[in-house]
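Q: this is a predicted model, with the sequence first.
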Amino acid sequence: DSGLGGIDIKTEGGLEISGATPYIDFHYGKSTSDYTTRILEGPDALRIYNPDGSLKGLWADFEGVVHNTGNETIAGNKTFTGANTFSQPINGTIKGIATPYQYGAVGDGVTDDTTAIQNMFNDWHNKDVTMSGNFLVTKTIAINNAVNIKLTGNIIAGDNIDYIFKATTLFGIDGGGIGTINANYKSGGVVLANEALFSPINLTISNLPDYKIGIFTGKKDNVDTDGFVHANNLSISNRQATTGVIGIYSGRDSFYNNIETINLQTAIQIFGVDVFISGLHPWNDIPSVVKVGGGVHLEKTANSIFVNNYYNDSMKFAFYLDGDNELTIDNVLTMWNTDVYNDTNNSGNPYFIYFADNTLVNPGKNITASNSPMNQKPGSSTTMMPYLSSVANNYISIYKTGGGINWANLPINGIPLLNQSATVEFSMW
């Protein structure tokens, strides 16, 4: 025990300081000033002070929250572990990661954060962005620098705009299963240009207004795509009746895996070639949407389209074709929910394949369907009949497919549906 005014030096090397505000002063370079750096214990934290008495840089309180009052940069390969969190806003920069708060965003879902978010993306080149909060935007955010967003909050349209995001480069969003682009019945979701590549994963796009699109690859010269999509685990949903909403409007060379759409008039509409859909579940529970809903809509220019693991749930049209498109289908289940698809709601006859052009010659000759258990029927109905095709004289090829109900307009070149009253030539593989 040294007996020096509240300082105890223990024999095993410990140092104990007591007092109303215990502190340690350092005198760098044998400075004769009061101190060059002071570490002081307050009631809530250890703080480091500059000679002028101002707080120095980062400091941590006793709750484990790191504060940044000095606009400092955390550089190098820093790792943060445990349950500690950064308080918001952090005005400094964690190297390699940006947040909207660094640019003045509030993130309360009420304040307009458009300028802060746009400035962040303008500054940030080929880096990761973390967005945790509720960010209101009133103008389309331009993504002109390659970026990946980790979205654990909501981006909300606060005004009537075309899209929330417009990307012209590599653009990724990882929603972690909770991140949402909320169109707020005011805007579309994401549009691409300049051959951008959009790679969303575990993301929700919600509340699209009439005639808006969740994801649009863009069109170049009204024919070719202006962007590409590699999407995994998306949910695009509305919870109120709308008209003309398209979940995904796609050009060529795009891939869609595990897509759910809810109460949209069209789940996926395609105008390009070489599009692959694996895992699609469009469903409706609003009667006005059910009677016009379509799962996959192919424009005349859409060819080499591949769809598998598709659960068509209460959509009037499983496939809606503008032309005699090239379409390969595997493992499709069709079902019409009796609560919404019924005579009372005037839902009408549902179609597996609907040809918009009834003047086509030998329609369906470019369509092959296999392993598709077409064994459901509109419930609570004495008049509705499910139509395999909207055209009686069609040439759709269907293999390894079980039946169990009567379908109207079977192909004339043979179909292995079971228990049919029609006379057909069986060609089961």
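A: Nice, thanks for sending it over.
Q: use CA for all of it now, contacts and neighbours both
A: Will do.
Q: show me which helix or strand of this structure is least confident by mean pLDDT.
A: Across the helices and strands of the chain, mean pLDDT, DSSP states H and E gives its lowest value to strand 93-94, namely a mean of 50.
Q: where exactly do the strands run in the stretch 201-350 of the chain?
A: Ranges of strands in the stretch 201-350 of the chain, per DSSP state E, counting those that start in this stretch, are 213-216, 219-220, 224-225, 227-237, 246-250, 254-262, 266-270, 273-283, 294-298, 303-313, 317-321, 327-335.
Q: next SSE downstream of the least confident helix or strand of the chain?
A: Downstream of strand 93-94, the first helix or strand assigned by DSSP states H and E is strand 97-98.
Q: and that next one, what does it pack against?
A: Using 3 or more CA pairs under 8 Å, 6 or more residues apart in numbering; DSSP states H and E, the elements in contact with strand 97-98 are strand 127-131.
Q: the strand it packs on pairs with which strands, and in what direction?
A: When pairing is defined by DSSP bridges, strand 127-131 lines up against strand 97-98 (parallel), strand 147-151 (parallel).
Q: hey, which of those is tucked in deepest?
A: Mean neighbour count (mean count of other CA atoms under 10 Å) peaks for strand 147-151 among the strands paired with strand 127-131, with a mean of 20.
Q: ok, and what's touching that one?
A: 121, 124-132, 170-176, 178-180 (CA atoms under 8 Å, 6 or more residues apart in numbering).
Q: quick one, helices of this structure?
A: Remark: helices assigned in the chain by DSSP state H are 114-123, 287-290.
Q: buried stuff in the first one?
A: Judged by neighbour count using 16 or more other CA atoms under 10 Å, the buried positions of helix 114-123 are Thr114, Thr115, Ala116, Ile117, Gln118, Asn119, Met120, Phe121.
Q: next, work out how far apart the second one and Glu195 are.
A: Think Thr115. 26 Å (CA to CA, to the nearest Å).
Q: do the fifth one as well
A: Look at Gln118 and Glu195: by CA to CA, they are 21 Å apart.
Q: low-confidence stretches in this protein?
A: 1-13, 42-45, 55-96, 125-126, 373-383, 400-406, 413-429 (pLDDT under 70).
Q: nearest residue to the middle of it?
A: Geometric centre of the chain, nearest residue: Leu203, 2.8 Å, by CA atoms, centre = their mean.
Q: okay, now the closest residue to that residue other than its chain neighbours: neighbour count?
A: Excluding its sequence neighbours, the residue lying closest to Leu203 (CA to CA, 6 or more residues apart in numbering) is Gly175, at 4.5 Å. Neighbour count of Gly175, defined by other CA atoms under 10 Å: 23.
Q: brilliant, that's me finished.
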